[in-house]
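> I would like the atomic coordinates for the input below:
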Amino acid sequence: MAFIELSFPKNARQKVSDLSLLSVKNQSGKMVPLSSLVSEKTGKHNAALYSDEREPTTTVTAEMGNRSVVYATLDLLKFLVSDYTPTDGRLENWNLFGVSYALSNGEKYRIEWGGEWKMTLENFRDLGIAMLVASFLVYVLLVAQFRSFLASALIMITVPLALIGILLGFILLDFFGIYLTATALIGFIALIGLVVKNGILFLEYYEYQREAGLSLEKALVEAGRIRLQPIVLTSLTAILANLTIVSDPVWSGLAWAIVFGLSLSTFLSLVIFPLLYFKIMGAKEKKV
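Residues are numbered from 1 along each chain as shown. Model prediction:
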């Protein structure tokens, strides 16, 4: 059995009576109206039933305009959790992947988000785990180099300073329609090694000054004076290199993360790291 599907412009199929204007050729070659071959019947047609994991499912799709899907989903989640109350039901539980409601008759239903939002959450989760692993490995290498758990931990303080720079930078970029993406988190992982480098340069020269007989305070001041130019120049080189790809639609998040994170962490690490080192190590020397 063969089926033929015909499609006509919308203006030619507004009413059922439009079928009388259509003709088809019969076996003898004569043109007969299509209405003589079909019969009109009015009735109800059951919609198709869709399921996901053997659960009845209804899918709603939409495309975002000039706004990030992250902010739209967070607004919707806030509404469903705080402001929406189902008829004859209550909120059962919720997470970033969806919201569940329970009705008084024992039935339950759940609203879940997929698409770009789900992909974003999964990417941030996986990259977050990679970030923790990278931070741990860097810390292990620092301990192996400086033979000190405390000094290595103080160097790692420069890492959250980079994260602060990234968040502040993307808050500013939000006004220009540039949003925080998963590639920005990739940039933060890359920053772990870049910002730790500043602490390593500082601490190496500090230890050299201490071996030369300088006090804790004078050694920190001298290390800051001598290492200021190398730290600033190497950071500026990385920042300028990443500015060349900030217009790329895919990797702009990574570039902006490195630009803002490295800028703020370089400045703060030259101030906060020596102060913390002086306070903690100074107190440790007094106890000894």
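
> Let me see the ranges of the strands in the stretch 1-150 of the chain.
With strands called from DSSP state E, counting those that start in this stretch, the stretch 1-150 of the chain shows them at 23-25, 31-33, 51-52, 55-56, 89-95, 98-103, 108-112.

> Quickly, which of these bottoms out on average pLDDT?
Note on the strands of the stretch 1-150 of the chain: lowest mean pLDDT is at strand 51-52, with a mean of 76.

> any residues touching that strand, and which ones?
Applying C-beta atoms under 8 Å, 6 or more residues apart in numbering, the contact partners of strand 51-52 are residue 57. Every residue, glycine included, has its C-beta placed from N, CA and C.

> Kindly report the same for stretch 100-119.
61, 69-70, 73, 80, 86, 88-94, 97-99.

> For those residues, work out which two are farthest apart.
Farthest-apart pair in these is 70 and 88; separation 32.6 Å (C-beta to C-beta).

> Tell me, please, where in the stretch 151-288 of the chain the pLDDT is lower than the cut-off.
For the stretch 151-288 of the chain, the stretches with pLDDT under 70 are 285-288.

> remind me, longest helix of the protein?
helix 115-146 (DSSP state H).

> Next, the angle from it to strand 89-95.
Between helix 115-146 and strand 89-95, the angle comes out at 40 degrees (axes from the mean of the first three to the mean of the last three C-alpha atoms, to 10 degrees).

> quick one: average pLDDT of helix 115-146?
85.

> Assess the claim that residue 256 and residue 171 are in contact.
No: look at residue 256 against residue 171 with C-beta atoms under 8 Å: they stay out of range, at 11.7 Å.

> So between the two, which is more surrounded?
Just comparing residue 256 and residue 171: by other C-beta atoms under 10 Å the higher neighbour count belongs to residue 256, 25 against 11.

> Can you give me the distance of the more buried one to residue 186?
According to C-beta to C-beta, to the nearest Å, residue 256 and residue 186 sit 12 Å apart.

> Tell me the one of the contacts of stretch 100-119 nearest residue 217?
Using C-beta to C-beta, residue 70 is the member of those that sits closest to residue 217, with 46.4 Å.
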